[in-house]
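K.L.:
Sequence first, then the predicted structure:
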Amino acid sequence: MKPADVAERTSHGVDRGAEEGPRSEARPKRQRVLVALNGADTAAAAAAIAMGQLVARTLHEPLHGIFVADTKVAPGDLSRLLGLPTHALDGVVLDVEVGEPVERIVAFTEAHPTAFVIVGAERGRQGGLGIGDLAAHTLERSHAPVIVVRPEERLSLARILVPLDGTPSTASALEPAGALARRAGASLDLVLVGEAQHGPHLEPGAMGAPQYVDQPHHEWPAFSAEFVHRFAKTIGHCPEDVPTRFFLGAGDPADEILRFADVLAADLTVLVWHGLRSEEHGAVFERVLRKATCPVLVLRCG
Amino acid sequence: MTSTAAAEIREPTPGRSSGFVTTSALPELDHLFRLFVLTWDPRGASAQAPESTRAIGLVEALLERGARVAIVTEASLGALLPAVEASIAEEPRKRLYVAADGGAHMFGFDHRGRPVEIAPTADHEDVLSFMMGELARPFGIEPEDVLVVGEAFGPAGLADILEQQLALEAQMGPFAPSRDPTWGVVESGFDVAREHEIESLLTIANGYLGMRGSLAEGSSVSRPATFLAGAFEPSSDVSPVPELVIAPDWGRLRFTVEGEPFAVETTAMERHHRTLDLRRGLLLREGLGTGPGGHATRIRTAHLASLANRHLLLEAVEITPQNFSGMVVVDAVLSGDVKSGSGSSHWAGFAPRQGLVGPILVGETHGGLELALASHTTAADPGSLEMRCEREIGPVSAMERCTLHVRLGEPSVLHRVVGLFTSRDGTVPVQRVELLEREAAATSFGALLGEHVAAWQTRWRQSDVEIDGMPWIERALRFALYHLIATVQPHDPRCSIGARALSGEAYRGHVFWDTEIFMVPFYVHTWPEAARTLLLYRHLTLDGARRKAKKLGYEGALYAWESADTGDETTPEFVRSPIGEIVPILSGLEEHHISADVAYAIWAYAQSTGDERILREEGAEILVETARFWVSRGAVKADGKFHIDRVIGPDEYHESVDDNAFTNWMARQNLRYAVAIARGVGRAKAAALGVTPEEISRWEEIAARMYLGEDPRTGLLEQHKGFFDLAYVDVAAYSPRTVPIDVLLGRERTRSSQVVKQADVVQLLALLWDEFSPDARRKNFLYYEPRTAHGSSLSPGIHALVAARLGLLATATRYLEQTASIDLGNNMGNAAGGVHAAGLGSLWQAVAFGVAGLRTTPEDPETLIVEPTLLPGMRRVSLPMQLRGRSLRVHALPGAVEVHVVEGAAPIGLVVCGEAGARHTTRADPGRAYVARRKDDRYLAWEEIEP
């Protein structure tokens, strides 16, 4: 499966008053990568640390690890408490705190510019979005981007899948994904899923698949290019030099996102979440999060 | 004039409140109101008072300028009417409303100036809320555009207010937008997400070129483009296909206010509106913003592509400092730094130079097209403006840099005249453009503007459709007609109309059947000269059609499914879909009904205009060559019928089908037309083309043997062989949907299902209405409509047309609204690549042929059949129509239909349906008017009435 050719080109705005338009410099300034740790699941902690190391290395940013316990713990005891060999924590700035774990993680992200919080999904845990309490509560309460990683997942950052629902409010959260892709040299695969018994979004600037496809060979490339331009570049501020492809799916959105993640061998799936959990809002997010077979980056919007 | 400081704007509280909230005391009436609600009693002796006379005269002046005025009075309508009739002419009276008896009865006025009660149930306790609901909201008039003037002002105070409004409009000059919302498309603010579609919607064009309505100074998302009609050059695709050449950007204006750029992305905009003035063909803009240094400036601009002289492009700029006096720099740029959507730079090089009047940008494309653009910027009133203009020449651009000293609160106005010629217009474009600039320099800007506006007025007199009671549809229709008028070059048969007109790069300017079947009918009945030119394009490209037929192994002429300048096929053979599939494109190979569509359009044009000349010459050649194609395209099979296999009909979900009904029926018509021409007015031409009596007989025989797919048992036409055996899919079960149904179902399932992309058999009903019995029309529509997914913008308008003719009011209304929303719907992003020109044409057809029910029969083209079907909410549909040299004006009313033969040299027949299928016919004389009154659902005989 290959994407539309035209969508691979970038679209350039024309500033009629100057030779070049304003450029997006999305790279965050000296932010930290934070791994949230607890001792409940060794494999989850190991996966989170490995992912954290990959992300921190990619961004050239410091990697911090936060461990929160009921009582004071010496940093030197962490590898034992986590069930990890000592060298597993090499290169991690350790921050051991006392208190309620998620509260302290959120406090950290508010106190320090944080590019990403990385948390491991605990195996065999059905509650908390199916990823364990630490990951679920971090997602619910953190406004910093959160990457959820499962122990069995392979770690790479070459292909990033970005499902969009065609609304500007959702796309506006994309900047961190674009910045990460740029630093990682990754490509972005945008996916829009059309479905039946669902009307178009009424939000101004929203864009669904064209209702009228008079001539497919003209309409689809034009639509793909316009979609990429509108959402990745104009609203999402994805850097111009990140290769971007566009795919259109049809059917159940969660199934289609998971299918595209599989078919396109995505290394990271980016989900934008309004923070709601109900059948009407957040159902797609929750299903993809539960069933994803690659790490999931969750960006909060609204 | 006395002060109006006590005037108040009021707006109602949400819902139907018993009162109004006074939002503010108005220090000055500083913008143009659209709806005036006047509590006033201009009757009896008081009507004679000088101030009352002055006030009612001013009311008429505002009505003439498109405002709507509602008079609230305690008097009865009868008491008020004499004053209204004495003071306000019939045309502007259509925008007058009277809430009589204290609001108990609400009246409007019809096309003859007669009062029509439009809302007998008005709640007279809450007249103003009612007005907002019944008048303002349907017209899209915002509360801040409603001026409520209370009784306390008296006639003198009222007259002062109205006079001030008129004075403000006069002061704004060309920058004043229409007060009538049905004559404008307004885009407020700046939304990066929607900018591309806004640029398409706001395109200005004159048939010679079209310029997207991009911001003059540009933005990070702007995609300005000026398309040269008919000028094609190869794209930069892997397999290059011709695409419209994008001319150098002539519309660039850069504003620098006290050293800071004035632009939507860098200036804090307090107010930003762009308005496409449909009536005058102007793109207006007003921006009020404050730069980083705190300089607040109001800038108004007007842009136009002259319809009076298609080589002339005009811009006007008004700059008004709000809180400073200082320097403003305006750069008026001609820039060759342009590329097409495919990434092509068609321009091989530029040679900017100094001209006698202003800078000139001369360029040449890789294909050898030469172009010259000249610009000249002046102060509107050189005596009152300190301005210095210098010319700057760059490698690919030429610019005038005008430095103005602007004064606090005082508008400074600049005029810019741009000329454009190419080598397609004759020799040495640079000389022609210089001559044009010199001539323009000797003419006032106002005169150039006036000629353009007058040209638009002429077109609107021949075209405008009024739909009283459905302002949203009326506005959409005006938007449609604006683009149709603006996009046609009525004198140059090298130019046809692309699928996205001259408003966007999608479809690359390629010409489809869209033009002949969906757009040409509008021109036939409003601008026959333009229709003729469009059809002559098919004659100019006939050799390309001959080449295509020969290439595919057929005789005669097979028109390109996608045509550019030569008529050769430009449809690619493959495309990569957004789900990654490599999809073969068969339309160029199999969608052959295009040849019959062209033939149909020529015949229909000749029938409707009486233009025999085209049938003697170019039309005859086209009909002969297309008939020859059809003979070679099919074969008589064992059943003795002529079959056409392996085609695509309008329903492109089903490819490589046999005996598509639309194709076969249209081919039969093509053959019949050819027979008629070859034996009639075109026999000399036919003979010159080698047509023999035997060949004509062969055409006749094949037409008679054509397989038509009729099922005598059900009365249905089978869309193509085997369609009835395909699986039924409940299309409605997939609605609404956010992706076309063929994507949802998948390619294979779609192909094996009775899911129809667009009107196919229904399209046939619309085109060949009189070939079908009333029963067959209804049965086929009711069968195919629920199976149609409307995956093409060409579909809903035709469904509205047929549904209206069948009297299916709710269905017709739904499709009419869907058609009106194709480009103006705002939330599809569909218009980013340009407006849907065929959809625009189908909207006109839906109203003219469907709602107004106008048509002729093949047997008697000198007779107009009038069978209106007003849809719910419509109080009147009025439209002009050209028919065989006569100018008619038709008014469809709830209880009658009126036809006024405005001009013509001979009578014309009029027909309405009477009781028991009887038809009432009259011969209508030029200069006279006739009415057929309605009784129950049938019409009585025609009566003559006062014109």
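P.N.:
That came through fine.
K.L.:
where do the helices sit along chain A?
P.N.:
Using DSSP state H, the helices assigned to chain A run over residues A:5-8, A:42-59, A:78-82, A:101-111, A:133-141, A:168-171, A:175-184, A:216-227, A:253-263, A:283-291.
K.L.:
most tightly surrounded among the ones you listed?
P.N.:
When neighbours are counted by mean count of other CB atoms under 10 Å in any protein chain shown, the highest per-stretch mean among the helices of chain A falls to helix A:216-227, a mean of 25. Placement of C-beta: from N, CA and C, glycine included.
K.L.:
For that helix, which helices and strands make contact with it?
P.N.:
When contacts are defined as 3 or more CB pairs under 8 Å, 6 or more residues apart in numbering or on different chains; DSSP states H and E, helix A:216-227 packs onto helix A:5-8, strand A:244-250, strand B:574-576.
K.L.:
I'd like the helices of chain A as JSON lines, with mean pLDDT appended.
P.N.:
As requested, the helices of chain A are exported to JSON lines (pLDDT from 0 to 100):
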{"stretch": "helix A:5-8", "mean pLDDT": "34"}
{"stretch": "helix A:42-59", "mean pLDDT": "95"}
{"stretch": "helix A:78-82", "mean pLDDT": "92"}
{"stretch": "helix A:101-111", "mean pLDDT": "95"}
{"stretch": "helix A:133-141", "mean pLDDT": "93"}
{"stretch": "helix A:168-171", "mean pLDDT": "87"}
{"stretch": "helix A:175-184", "mean pLDDT": "92"}
{"stretch": "helix A:216-227", "mean pLDDT": "90"}
{"stretch": "helix A:253-263", "mean pLDDT": "96"}
{"stretch": "helix A:283-291", "mean pLDDT": "93"}
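K.L.:
Counting neighbours, what do you get for whichever residue of the stretch 201-302 of chain A sits closest to chain B?
P.N.:
Each residue of the stretch 201-302 of chain A has a distance to chain B, by CB to the nearest CB, and the smallest belongs to A:Gly205, at 2.9 Å. Other residues near A:Gly205 number 23, with proximity taken as other CB atoms under 10 Å in any protein chain shown.
K.L.:
Tell me how chain B divides into domains.
P.N.:
When chain B is parsed with automatic domain parsing, its domains come out as B:8-172, B:187-461, B:464-851, B:876-945.
K.L.:
Mind putting those domains into JSON lines with mean neighbour count, distance to A:Asp41 and mean pLDDT?
P.N.:
Below are the domains of chain B laid out as JSON lines (neighbours: other CB atoms under 10 Å in any protein chain shown; distance: least, CB to CB, whole Å; pLDDT from 0 to 100):
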{"stretch": "domain B:8-172", "mean neighbour count": "18", "distance to A:Asp41": "55", "mean pLDDT": "81"}
{"stretch": "domain B:187-461", "mean neighbour count": "20", "distance to A:Asp41": "42", "mean pLDDT": "95"}
{"stretch": "domain B:464-851", "mean neighbour count": "22", "distance to A:Asp41": "38", "mean pLDDT": "96"}
{"stretch": "domain B:876-945", "mean neighbour count": "18", "distance to A:Asp41": "72", "mean pLDDT": "96"}
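K.L.:
Let me have those in JSON lines, adding distance to chain A as columns.
P.N.:
What follows is the domains of chain B, written out as JSON lines (distance: least, CB to the nearest CB, whole Å):
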{"stretch": "domain B:8-172", "distance to chain A": "16"}
{"stretch": "domain B:187-461", "distance to chain A": "3"}
{"stretch": "domain B:464-851", "distance to chain A": "2"}
{"stretch": "domain B:876-945", "distance to chain A": "26"}
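K.L.:
Take those domains and write them to JSON lines, including distance to A:Arg141.
P.N.:
Formatted as JSON lines, the entries for the domains of chain B read as follows, by distance: least, CB to CB, whole Å:
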{"stretch": "domain B:8-172", "distance to A:Arg141": "37"}
{"stretch": "domain B:187-461", "distance to A:Arg141": "30"}
{"stretch": "domain B:464-851", "distance to A:Arg141": "32"}
{"stretch": "domain B:876-945", "distance to A:Arg141": "60"}
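K.L.:
neighbouring contacts of stretch A:57-71?
P.N.:
By CB atoms under 8 Å, 6 or more residues apart in numbering or on different chains, the surrounding residues in contact with stretch A:57-71 are A:30-39, A:49, A:52-53, A:55-56, A:73, A:78, A:81-82, A:89, A:91-101, A:104-105, A:108, A:112, A:115, A:157, A:180, A:183-184.
K.L.:
What are the boundaries of the helices in the stretch 701-850 of chain B?
P.N.:
B:741-745, B:747-751, B:761-767, B:774-784, B:795-805, B:809-824, B:837-845 (DSSP state H, counting those that start in this stretch).
K.L.:
and the direction of the fifth one versus that of helix B:774-784, what angle?
P.N.:
What it means is helix B:795-805. Inter-element angle recorded for helix B:795-805 and helix B:774-784: 140 degrees (by axes from the mean of the first three to the mean of the last three CA atoms, to 10 degrees).
K.L.:
helices or strands up against helix B:795-805?
P.N.:
On a contact count with 3+ CB pairs under 8 Å, 6+ apart, helix B:795-805 meets helix B:761-767, helix B:774-784, helix B:809-824, helix B:837-845.
K.L.:
hey, C-alpha coordinates of it in CSV?
P.N.:
Once non-C-alpha atoms are left out, helix B:795-805 reads as follows in CSV (Å, rounded to 0.1, in the frame of the first residue of the first chain):
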residue,chain,number,x,y,z
SER,B,795,-25.9,15.1,-9.6
PRO,B,796,-28.1,17.0,-7.1
GLY,B,797,-29.0,19.8,-9.4
ILE,B,798,-30.4,17.5,-12.0
HIS,B,799,-32.3,15.6,-9.3
ALA,B,800,-33.8,18.9,-8.2
LEU,B,801,-34.8,19.7,-11.7
VAL,B,802,-36.5,16.4,-12.3
ALA,B,803,-38.1,16.2,-8.9
ALA,B,804,-39.5,19.7,-9.4
ARG,B,805,-41.0,18.8,-12.7
